[in-house]
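Q: Following is a predicted model, sequence given first.
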Amino acid sequence: MKAGLAHRLIFAVYIAIFFIYLLGPLAVMGVSAFNTPQYPQVWPFEAFTLEWFGLLFADADMMYGLRTSLWIGVLVVAISVPIGLAGAIIMTQITARLRSTYYLIVVSPVLTPGIIIGISTVVFWRQFTTVTGTRFLYDGIFLTVLGQASYISAYCMLIILARLQRFDRAQEEAALDLGATYPQVFRHILLPFLKPALFSSAILAFLASFENYNTTTFSILADKTLTTVLAGRVRQGSTPAISALAVIIVAATLVGALAYEIWKRRSDKTAKERSRIARAAEEAELAGEAQPLPA
Amino acid sequence: MSGASGLYVVIGLPLIVALLFFALAWFDRRFGIETGPGFFQRNGLVIGLYLVLSVGFWAFFIIVLPQLAMVDMSFRPKLPPAQMGGPRDLYTLENYRYFLFGSTTSTENWNWLHIKAFFLTIFVSIAITILNFAICYPLAFHMAQSSTTARLRVLLLLLIIPYWVNEILRAFAFRVLLSTSGIVNQALLGSGLVAEPVDFLGADVGLYMGLSYAYLLMMIFPLFNAIESLDKNQIEAARDLGAPWWHIHAYVVMPHAKPGIASGCTLVFMLCAGALAAPLVLGGPRTLWFTPIVYDRFYQAFNWPQGAAYAFILLVTCVMFVLLMLKAFKLSLGEITR
């Protein structure tokens, strides 16, 4: 097994290099956030400081951008998840002949470069609001929410669709047979079934909105979000305050990812428990049936 | 054709298509090609309306109309607002002429700067796509086929963390890393390999590395998902029949993972060609990249129709790349957007 060992060794080296490449730059940037020199540097590490974090929080533009970004993120979730849900339901109901055309239209924003989505959103709404006399709608936040919603809704749709395709229509029919109305079926059968997918898509929508730059930089007009302020700061020059922001984002992601992992594990466990109980009940029932009824 | 009537075309055409859509659906139902309860019967009135209105708004006002408006604008001259919709607002090719010749009227000199930037962008994006595929494939294969569950969870977590770090910050990380006083240069100087700091950023090495880095994960997740669904027994069978390792990959794993490969490649190419943050942060003043040129059409030259034309050129390129991928891999669109 000498060849196997050499193979494994090469592979281990490859994995190590891969993760150094993936995480190294972030780690270097992270360390520079705690070092004192004006220009972000890791070596020599002069002295430990939290000054850059203070500077970051004192940056009024950055904090304003953060508020706008959070606000836009919430609005994008509020629009994209319902649209994605509707898009997925229509996908399962539309006639076979139209499905490919429909699919092409709604998935196209995923394959369109972000700057083109931003540009086209601005161009269309500038004309539309001028012609229809609704100029008040020509607003950075409104346009950004719409621009981001175009492709984020498609993400949501794809996530929800994946779960919807596993939906057993017999459940719906059973509810209808028992006298439920259509809205009741939707509310009490379909939505609970889709809940995990809705939850995942909401999280994904928020994160995708929050970190978006390409679409936002066009559609935000004169307003600013965290990413556009950040881009301006980075262009002006490198300061460790930007590294400090990255440290905060990485920390938040880490906490979020861990929380999601724990939630997922717990829900997997409950699901397993439930299916175990259901299976036991079914077996008991079958066993009962198999026995001849007492005369 | 005036400005306002352009908007009518932009709105009218899709409206006609939508009506055709409904007519077709009705036709299918009427002649029994499609059976079962009708749409509103099946969903109820309120939910049916919610479905139709939200998808209609999405498809038309968010996706199709803006794209058409952009294409419409790209064929118009640049005019002061007062003259928009006036007699001089005619359809024209001058914005595309500018891309090719650097002038709206003469065709004597080629606009080498923009043309070069365009082809360099395409070429580099393709190169980065191939590079990222080569980097990610072994790890994706390992994660999908021979990793234990516990190890897989750790690997996935390690991959997800950089995934949500914003593009600008990722580019910034490379600037910190590769600047003349950065740690890479210090290491090179310290080891005596070079006598003077290497200007990675000026040579665009930083930009290309930053782009490859930024979209690494766009490659690995589709690959992982595709390879994961391959039955391990197929690999075992191939091995038992004496296939060398590269045969297993070329004839068993890759054909199976085709949709994932196409999807990852499409995403990486599209994101690279459309990347704006990395060129802004890592590019120097002499860097040739297409998206900053598009950006400058809008916010430096204030020539929106020209910007729209440039954006449309980029869009057509990306669409062509997607079609090429689908053709080369003999796939349908549905298979790569999963």
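A: Great, that's in hand.
Q: can you list the domain ranges for the chain.
A: Going with chain A. A:14-49, A:50-241 (automatic domain parsing).
Q: nope, chain B
A: Chain B breaks down by automatic domain parsing into domains covering B:3-92, B:112-336.
Q: Most tightly packed of those?
A: Greatest average neighbour count among the domains of chain B goes to domain B:112-336 (a mean of 19), per mean count of other CB atoms under 10 Å in any protein chain shown. C-beta coordinates here come from the backbone N, C-alpha and C atoms, glycine included.
Q: Which helix or strand contains residue B:132?
A: Using DSSP states H and E, residue B:132 sits in helix B:112-141.
Q: Can you give the distance from that helix to the centre of its chain?
A: In terms of CA atoms, centre = their mean, to the nearest Å, the centre of helix B:112-141 is found 12 Å from the chain centre.
Q: got it, and stretch B:172-185?
A: Computed by CA atoms, centre = their mean, the chain-centroid distance of stretch B:172-185 equals 27 Å.
Q: quick one on the thing from earlier: next SSE downstream of the helix holding residue B:132?
A: Per DSSP H and E, the first helix or strand lying C-terminal to helix B:112-141 is helix B:149-163.
Q: other SSEs contacting the helix or strand following that next one?
A: Counting by DSSP H and E, the element after helix B:149-163 in chain order, helix or strand, is helix B:167-178. Under the contact definition 3 or more CB pairs under 8 Å, 6 or more residues apart in numbering or on different chains; DSSP states H and E, helix B:167-178 sits against helix A:2-32, helix A:226-236, helix A:240-290, helix B:183-190, helix B:205-214, helix B:277-282.
Q: nearest to residue B:240, of the ones you listed?
A: helix A:2-32 (16.6 Å; CB to CB).
Q: near chain B at all, that closest one?
A: Yes: part of helix A:2-32 sits near chain B under the criterion CB under 8 Å from any CB of the partner chain, namely A:11, A:14-15, A:18-19, A:21-26, A:28-29, A:32.
Q: Pull the distance from that helix to the chain's centre.
A: On CA atoms, centre = their mean, the centre of helix A:2-32 falls 28 Å from the chain's centre.
Q: could you give the angle of it to helix B:149-163?
A: The directions of helix A:2-32 and helix B:149-163 differ by 40 degrees, with axes from the mean of the first three to the mean of the last three CA atoms, to 10 degrees as the criterion.
Q: how about helix A:2-32: buried residues?
A: A:18, A:22-23, A:25-26, A:28-32 (16 or more other CB atoms under 10 Å in any protein chain shown).
Q: before we move on, back to that, who are the packing partners of the helix holding residue B:132?
A: With contacts taken as 3+ CB pairs under 8 Å, 6+ apart, helix B:112-141 sits against helix A:2-32, helix B:94-101, helix B:205-214, helix B:216-228, helix B:254-273, helix B:290-299.
Q: Switch the domains of chain B over to CSV, and while doing so, append mean pLDDT and distance to residue A:260 to every line.
A: As requested, the domains of chain B are exported to CSV (pLDDT from 0 to 100; distance: least, CB to CB, whole Å):
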stretch, mean pLDDT, distance to residue A:260
domain B:3-92, 79, 27
domain B:112-336, 86, 9
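Q: what would these look like in TSV with distance to residue A:86?
A: Shown next, in TSV, are the domains of chain B (distance: least, CB to CB, whole Å):
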stretch	distance to residue A:86
domain B:3-92	4
domain B:112-336	19
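Q: Quick check: the most centrally placed residue in chain B vs chain A, distance?
A: Compute the mean C-alpha point of chain B, and by CA atoms, centre = their mean the closest residue is residue B:270, 2.2 Å away. As judged by CB to the nearest CB, to the nearest Å, residue B:270 and chain A stand 6 Å apart.
Q: Which residue comes closest to that residue once chain neighbours are left out?
A: The shortest distance from residue B:270 to any non-neighbouring residue, by CB to CB, 6 or more residues apart in numbering or on different chains, is to residue B:318 (5.2 Å).
Q: Let me know the helix or strand that that neighbour is in.
A: Here residue B:318 is assigned to helix B:304-329, by DSSP H and E.
Q: ok now that helix, how far from the chain's centre?
A: Here helix B:304-329 is found 9 Å from its chain centre; the criterion is CA atoms, centre = their mean.
Q: next one: stretch A:108-120
A: With CA atoms, centre = their mean, you get 17 Å for stretch A:108-120.
Q: tell me, which of the domains of chain A is the model least confident about?
A: When the domains of chain A are compared by mean pLDDT, domain A:14-49 comes last with a mean of 85.
Q: what about that one, distance to the chain center?
A: 27 Å.
Q: Can you check the distance spanned by that domain, start to finish?
A: This stretch, domain A:14-49, spans 35 Å end to end (CA to CA, to the nearest Å).
Q: again with stretch B:182-195
A: 15 Å.
Q: ok, which residues in the stretch 151-295 of chain A are in contact with chain B?
A: Within reach of chain B by CB under 8 Å from any CB, the stretch 151-295 of chain A has these residues: A:153, A:158, A:162, A:181-183, A:186, A:207, A:211, A:213-214, A:217-218, A:227, A:230-231, A:234-235, A:238, A:242-243, A:245-246, A:249-250, A:253-254, A:256-258, A:261.
Q: residue in the stretch 201-338 of chain B nearest to chain A?
A: Per CB to the nearest CB, residue B:274 is where the stretch 201-338 of chain B lies closest to chain A, at 2.5 Å.
Q: hang on, the earlier thing: could you pick out the buried ones from the residues of the stretch 151-295 of chain A next to chain B?
A: A:153, A:158, A:182, A:186, A:207, A:211, A:213-214, A:217-218, A:227, A:230-231, A:234, A:238, A:242-243, A:245-246, A:249-250, A:253, A:257.
Q: Pull the number of nearby residues for the residue in chain A that chain B sits nearest to.
A: Residue nearest to chain B within chain A: residue A:113 (2.5 Å; CB to the nearest CB). Residue A:113 is flanked by 24 other residues according to other CB atoms under 10 Å in any protein chain shown.
Q: so how far is residue A:69 from residue A:140?
A: 12 Å (CB to CB, to the nearest Å).
Q: Looking at these two, which is more packed in?
A: Just comparing residue A:140 and residue A:69: by other CB under 10 Å the higher neighbour count belongs to residue A:69, 24 against 20.
Q: hang on, the earlier thing: correct me, but the residue of the stretch 201-338 of chain B closest to chain A touches residue A:114?
A: Yes: judged on CB atoms under 8 Å, residue B:274 makes contact with residue A:114 at a distance of 5.9 Å.
Q: Overlap of the contact sets of those two?
A: Among the neighbours of residue B:274, those also in contact with residue A:114 (CB atoms under 8 Å, 6 or more residues apart in numbering or on different chains) are residue A:214.
Q: Tell me the secondary structure of residue B:192, please.
A: coil (DSSP: H, G, I helix; E, B strand; the rest coil).
Q: got the contact list for residue A:174?
A: Contact analysis of residue A:174 by CB under 8 Å, 6+ apart lists nothing.
Q: Alongside chain A, which residues does the stretch 1-150 of chain B contribute?
A: Contact residues (CB under 8 Å from any CB) of the stretch 1-150 of chain B with chain A: B:3-4, B:6-7, B:10, B:21, B:24-25, B:28, B:33-34, B:39, B:42-44, B:46-47, B:50-52, B:54-55, B:57-59, B:61-70, B:73, B:135, B:138-139, B:142.
Q: Among these, which ones are in helices?
A: Cross-referencing the residues of the stretch 1-150 of chain B next to chain A against helices under DSSP state H gives B:3-4, B:6-7, B:10, B:21, B:24-25, B:28, B:39, B:42-43, B:46-47, B:50-52, B:54-55, B:65-70, B:73, B:135, B:138-139.
Q: who touches residue B:140 in this structure?
A: Going by CB under 8 Å, 6+ apart, residue B:140 touches B:220, B:223-224, B:227.
Q: how much space between it and residue B:226?
A: 8 Å.
Q: Over to residue B:82?
A: For residue B:82, the distance to residue B:226 - CB to CB - is 56 Å.
Q: again with residue B:329
A: Residue B:329 sits at a distance of 12 Å from residue B:226 (criterion: CB to CB).
Q: ditto for residue B:8
A: Counting by CB to CB - residue B:8 and residue B:226 are separated by 45 Å.
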